[in-house]
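I'd like to go over a predicted model; first the sequence, then the structure.
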Amino acid sequence: MRLCTILDTGTARSVGIPDAVCDLVVPHGAPIDAIASILPGNPLADDWIGLVDLPGDLLVAWSGTLADDLFADDPRTWMAGGHERFETFCDDIRDTLVAAGRKLCIRPHARHVLSDAQGTLDFLRRREGEPFGLALSPVDLLLPSMLADAEDHYARILEFMVPKADLLFLTDAMPGEATDDDEEPPMIPVPLGEGVLPRTAVMEAINTRLPDDAPVVVAPRDLPTATAWRHGAAR
């Protein structure tokens with residue numbers, strides 16, 4: 001398990017990565033070498049700026065949404081228009097990635113274009129040989145309405161997506177409160193171990209299916225819990 005963490009821009013610059021302009025993925029305990037840059041925002045928005053000449057060989061970005069808010073519910077995102085816009089985005093940035101020697105790892109989300117295991121795997125097959133990969137956070141692919149069948153959803157995610165991951169984000173979440181009667185409430189981030197992420201199943205997948213060179217990325221606050229999980233202890 002190649003444990004890594006996330007540095008914000010200010011911290012990254014203070015430890016010797018002066019060209020950091022966004023959050024970075026760095027090895028835990030050796031933060032001077034960036035593995036990936038995490039591009040913020042919605043890549044399908046007209047004002048999105050996709051810099052590629054950034055620290056690390058990997059870039060991480062969402063697949064995006066047609067909603068005004070990054071995590072709002074907008075059915076247009078999963079229709080033809082959303083998929084066409086995402087494919088156009090990939091076509092437009094492909095040559096730039098190749099020229100810069102970077103790989104763009106898409107992070108799926110239940111409310112974005114790539115929202116489930118099948119759609120994500122289909123994307124990776126279509127783009128095989130191109131500079132695209134997978135940044136996987138299993139809990140990102142669930143919504144509150146899916147929790148009754150969470151075991152089945154996690155089984156597909158952990159069996160089929162983990163082996164394809166270039167990075168695995170070890171994050172946790174739980175259902176939030178509804179703010180609109182017509183919209184399903186969001187999942188909200190919580191400290192690792194306090195949400196709906198199944199520790200035993202996830203660690204088994206990491207230990208048996210995740211590629212050896214794929215970093216397991218943990219927020220700084222979650223490092224003690226992730227370390228305990230790695231050593232088989234509950235926390």
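Right, received. Where do you want to start?

For the spatially most central residue of the chain, give me its contacts.
Centroid-nearest residue in the chain: Arg107, 3.5 Å away (criterion: CA atoms, centre = their mean). Residues near Arg107 by CB atoms under 8 Å, 6 or more residues apart in numbering: 60-63, 134-137, 140, 169. All C-beta atoms are positioned from the backbone trio N, CA, C, and that covers glycine.

Closest one to Ser115 out of these, please.
Ser63 (8.0 Å; CB to CB).

ok, now how distant is that closest one from Pro31?
28 Å (CB to CB, to the nearest Å).

which residues of this protein fall in helices?
Assigned by DSSP state H, the helices in the chain fall at 9-14, 80-100, 117-126, 150-156, 199-208, 223-230.

among the ones you listed, which is the most enclosed?
Mean neighbour count (mean count of other CB atoms under 10 Å) peaks for helix 223-230 among the helices of the chain, with a mean of 18.

Name the residues that touch that helix?
1, 3, 5, 28, 170, 191-193, 199, 203, 216, 218, 234-235.

Now tell me what touches the helix or strand bottoming out on mean pLDDT in the chain from outside.
Least confident helix or strand, the chain: helix 9-14 with a mean of 92, by mean pLDDT, DSSP states H and E. For helix 9-14, contacts defined as CB under 8 Å, 6+ apart pick out 20-24, 26, 31, 34, 55.

State the distance from Gly232 to Asn207.
Taking CB to CB, one finds Gly232 at 10 Å from Asn207.

same check, this time on Arg230
Where Asn207 is concerned, Arg230 sits at a distance of 9 Å (CB to CB).

Give the intersection of the neighbour lists for these two.
Common contacts of Arg230 and Asn207 (CB under 8 Å, 6+ apart): Met1.

excluding its backbone neighbours, what's nearest the residue nearest to the centre of the chain?
Ala135 (4.1 Å; CB to CB, 6 or more residues apart in numbering).

for Pro163, same thing?
Nearest residue to Pro163, sequence neighbours excluded (CB to CB, 6+ apart): Arg209, at 4.8 Å.

Let me know how buried the one you found is, in neighbour terms.
17 (other CB atoms under 10 Å).

if we can go back for a sec, Ala99: which of the contacts of Arg107 is nearest?
Ala61 (17.5 Å).

ok, that closest one - contacts?
38-39, 43, 50, 104-107.

Can you pull the poorly scored residue ranges out of the chain?
180-182, 233-235 (pLDDT under 70).

Show the residue spans covered by the strands in it.
According to DSSP state E, the chain carries its strands in the segments 2-7, 24-27, 36-38, 58-62, 103-107, 132-136, 167-169, 172-175, 187-190, 215-218.

Run the angle between the fourth one and strand 103-107 for me.
The directions of strand 58-62 and strand 103-107 differ by 30 degrees, with axes from the mean of the first three to the mean of the last three CA atoms, to 10 degrees as the criterion.
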